Structures are given as structure tokens and as C-alpha cells.
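Asker: Need the 3D shape of this:
(chains A and B)
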Amino acid sequence: GAVVSQHPSWVICKSGTSVKIECRSLDFQATTMFWYRQFPKQSLMLMATSNEGSKATYEQGVEKDKFLINHASLTLSTLTVTSAHPEDSSFYICSASYVNTEAFFGQGTRLTVV
Amino acid sequence: QKEVEQNSGPLSVPEGAIASLNCTYSDRGSQSFFWYRQYSGKSPELIMSIYSNGDKEDGRFTAQLNKASQYVSLLIRDSQPSDSATYLCAVMLRGKLTFGQGTILTVHP
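Answerer: Residues are numbered from 1 along each chain as shown, chains lettered A, B, ... in the order given. Alright, predicted model coming up:
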């Protein structure tokens, strides 16, 4: 399958700071990237869908001013968690897809806010 | 009604048996269907994709899609302990990829 690289794989930050997570498709052009959050023993919750060059579409209940998503190119999307708080601690996973075909996942980022 | 629902599980099968995982979806306009496997603490990995009615086989895995009944299933033949994981059904609809809650499969020796 295609390769999607996500960095960092884990990060610890202080409450009130911002954290940026990068998601890159290494061997294909990702027309769409998805960002998910997963809490322990729960399924993936879609946070937002982003298409290259346009604004992300956020799911209901996800604060777009808190979770900033940028999809500036066909190979890179970023998620910035602004003013992070302990309740934002979670496993964040990106996936990339080409024109609604299979979506391939990055390794995930485990965020801990202290 | 949830957009994507999976049989709740957990599912436990003996080594060598067939494991059957089921998924239903609510929107008839859904276009593409996927099965992912997720090990604890890891991100999902794609097992199968299926786009049209019928069966699709890949090694020990067979995906079945029935759009009239709005269900998709995954059969795992000759189950191995290494198949123990959470299996996630995902549906693509209008550019949005939505997951079911997952079914935990345990294959015991």
C-alpha cells in the first residue's frame, strides 16, 4: 500500500501551548486528507476532512479555531492543536486518499498535555 | 441511526476457524467500502477495499458487499493468533470516510 508519514509519533506539551502535527503522503498525491482522534478503547472519530487548496470541513462539535488544519499541497497536511489542555490528550491519526479510493493511515501521534 | 455499524463483539474463534465480521451502513449513496485492522496502540492498516456487489478475495480474506441490503462483511479463513486485533469497517460517502465502532477479534490457539 501507499505510504503516509506522520510526525511526531508522540509529543508531550504544557497546557496552553500549541502543537503541530504533520501528515505527508510519500508516494502518491493525496487529494483528500482526513484527521481522526481516538480515545482509549474507542473507535476513530472523524474530526475534519481537508481537500488540497480549500478549507477543511469540520465535523459537528469540533472547534475549527482550536484544531487548525492546513492542506497546502497534494502531499502535506498539518493539524495544529492550539492552546492545548489535558482533555485534548489523545491519539491523533491522519489518513490520505486519492479521489475517494483507499485511504492510508499515518503512524499516529500520541499527544499528552500536562 | 449510526452511519456505520458493526456487530458488537468481541468475537473469539479457535485457530484455523473462519472468523466472520459484519457491517451495515445507513446511506444508500455510499460509494466505497473498506476493512481495516488495528492492533492496540497502532494506527489502522488497510486489509480490503470493495466497490461493487459480490465477493472479493485476497489470500485468506474475503470481503462481501451487498448494496441492496446495505451490508458488507469480511471473512477470515484459517484464522491465526496474529489476526487478533480490532477490525474496522469504513464507508466513503461524498468524500467523507466514516468508521464503525470496530469488532475485537481474538483467535485462540
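Asker: and the residue most central in space within chain A, backbone torsions?
Answerer: Centroid check for chain A by C-alpha atoms, centre = their mean gives A:Trp35 as the closest residue, at 3.7 Å. A:Trp35 adopts backbone torsions of phi -120, psi 130, taken as degrees, to the nearest 10.
Asker: Spit out the contact partners of it.
Answerer: A:23, A:46-50, A:67, A:69, A:77, A:79, A:92-94 (C-beta atoms under 8 Å, 6 or more residues apart in numbering or on different chains). Every C-beta, even on glycine, is put in place using the N, C-alpha and C of the backbone.
Asker: Go back to these and keep what's next to chain B.
Answerer: Contacts with chain B are made by A:46, A:49, A:93 out of the contacts of A:Trp35, judged by C-beta under 8 Å from any C-beta of the partner chain.
Asker: Could you check the pLDDT of residue 57?
Answerer: Picking chain A for this. You'll see A:Thr57 listed with a pLDDT of 93.
Asker: Wait, chain B was what I had in mind.
Answerer: Confidence score, pLDDT, at B:Glu57: 97.
Asker: What is the neighbour count of it?
Answerer: B:Glu57: 12 surrounding residues under other C-beta atoms under 10 Å in any protein chain shown.
Asker: Same question for A:Val4.
Answerer: There are 26 residues near A:Val4, going by other C-beta under 10 Å.
Asker: Could you report the distance from it to B:Phe33?
Answerer: Using C-beta to C-beta, to the nearest Å, we find A:Val4 at a distance of 20 Å from B:Phe33.
Asker: Likewise for A:Leu74?
Answerer: Using C-beta to C-beta, we find A:Leu74 at a distance of 25 Å from B:Phe33.
Asker: Between those two, which has more neighbouring residues?
Answerer: Under the neighbour definition other C-beta under 10 Å, A:Leu74 and B:Phe33 were set side by side, and B:Phe33 has more, 25 against 17.
Asker: State whether that one is indeed within a strand.
Answerer: Yes. Checked against DSSP: H, G, I helix; E, B strand; the rest coil, B:Phe33 lies within a strand.
Asker: Leaving out sequence neighbours, find the closest residue to it.
Answerer: Among residues not flanking B:Phe33 along the chain, B:Val72 sits closest, at 4.6 Å (C-beta to C-beta, 6 or more residues apart in numbering or on different chains).
Asker: Name the residues linked to the one you found by a beta bridge.
Answerer: B:Cys23, B:Leu65 (DSSP bridges).
Asker: tell me the contacts of it?
Answerer: B:22-25, B:33, B:35, B:50, B:63-66, B:89, B:91.
Asker: still on that earlier bit, report the secondary structure element holding the closest residue to the residue nearest to the centre of chain A other than its chain neighbours.
Answerer: Excluding the flanking residues, the one nearest A:Trp35 by C-beta to C-beta, 6+ apart is A:Met47, at 4.6 Å. A:Met47 is part of strand A:45-51, with elements assigned from DSSP states H and E.
Asker: Show me what the helix or strand just after that strand packs onto, helices and strands only.
Answerer: Downstream of strand A:45-51, the first helix or strand assigned by DSSP H and E is strand A:57-58. On a contact count with 3 or more C-beta pairs under 8 Å, 6 or more residues apart in numbering or on different chains; DSSP states H and E, strand A:57-58 meets strand A:45-51.
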